[in-house]
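# based on what follows, work out the 3D shape:
(one chain, ligands or ions: 1)
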Amino acid sequence: VIRGLIFDVFNTLVDLQSIEIPYDSSETTINSQELIASWYAKQLEYSWLLTLMNRYEPFSHIARNALIYTSRTFGLKLSSEQIANIMYARLNIGLFPDVEEGLVKLQELDHKISLCILSNGEKHYINTLISNNDIQKYFDQIISAEEAKKYKPSPEVYFLVLRKKKITLSELMLVSSNLWDIAGAKNVGMVTCWINRKSSATEELEFKPDYVFSSITDIKSILIRQ
Ligand code: LAC
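Residues are numbered from 1 along each chain as shown. Sure, this is the predicted structure:
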């Protein structure tokens, strides 16, 4: 029986593609969608590099450094003011259109399911992002990898949830659009739900998601049946 849902943030609740990058097509061959995808991939790479080295830096520092690296790689000449503006826009990344409706549906379930956030983003950043999107009311807790000083998919980060809740891992379901995060959660025995909005290809990883949906609004169907 699933008693708690744990939500990832980037690309699961908020759409990184909604960030506006000041982008001059004469400076680069890459489009803004590819630029944002590369920026995110670089953030993950840096976060995993630090975790493997037993070091920690807040995710926003990583995001800023990854932005500088990515823009330089693709020939974009961003001024420090433009970088500061993008980092400011990162506090207001927009929700995917299905998120709010999906959260409302989960709240309407007869049996109470606890909803919480587990993100690599640092706590004050995630608090701001979530309240700027006015969805903090749906979650009982916001848990950040900052507390483990390691990044997902390190097991210690998923274990943080156990410190806060009297629930076993097999009663918790991670909801994420990131398959590396699904792998991390399955690795520690959580149930997993992959939100695949864009019909992305599956990864060749040993750990497969237990459920796959194209929208957060569909999660309710699993919980009604249990
Ligand atoms: C998160 C990102 C990294 O943890 O997906 O919210």
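
# quick one: residue 207 from the ligand, how far?
With distances taken as CB to the nearest ligand atom, to the nearest Å, residue 207 is found 16 Å from the ligand. Just so you know, the C-beta spots here come from the backbone N, C-alpha and C atoms, and that holds for glycine as well.

# just to check, that residue is in contact with residue 190?
No. With contact defined as CB atoms under 8 Å, residue 207 does not reach residue 190; the gap is 10.3 Å.

# which one's more surrounded, those two?
Between residue 207 and residue 190, counted using other CB atoms under 10 Å, the more crowded position is residue 190 (23 against 16).

# secondary structure element for residue 116, which one?
Using DSSP states H and E, the element containing residue 116 is strand 114-119.

# tell me the buried residues in stretch 145-157?
Taking 16 or more other CB atoms under 10 Å as the basis for neighbour counts, the residues of stretch 145-157 that come out buried are 145-146, 148, 150-154, 157.

# for that stretch, give me every contacting residue.
Contact with stretch 145-157 is made by 8, 47-48, 50-51, 56, 58-59, 118-123, 158-160, 180-181, 183-185, 187-188, as judged by CB atoms under 8 Å, 6 or more residues apart in numbering.

# of these, which ones also sit close to the ligand?
Near the ligand, taking CB under 6 Å from any ligand atom as the test, the members of those found are 8, 119-121.

# need these in a markdown table (columns: pLDDT).
Supplementary listing: these in a markdown table, determined by pLDDT from 0 to 100:
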| residue | pLDDT |
| --- | --- |
| 8 | 98 |
| 119 | 98 |
| 120 | 98 |
| 121 | 98 |
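
# same for the strand holding residue 116, what does it pack against?
Identification of packing neighbours for strand 114-119 by 3 or more CB pairs under 8 Å, 6 or more residues apart in numbering; DSSP states H and E yields strand 4-7, helix 99-107, helix 123-132, strand 141-144, helix 155-164.

# report the buried members of the contacts of stretch 145-157.
Members of the contacts of stretch 145-157 that pass the buried threshold by neighbour count (16+ other CB under 10 Å) are listed as 8, 47-48, 50-51, 56, 58-59, 118-123, 158, 160, 181, 183-185, 187-188.

# does the ligand sit close to stretch 82-96?
No. Between stretch 82-96 and the ligand, judged by CB under 6 Å from any ligand atom, nothing touches; the nearest distance is 10.7 Å.
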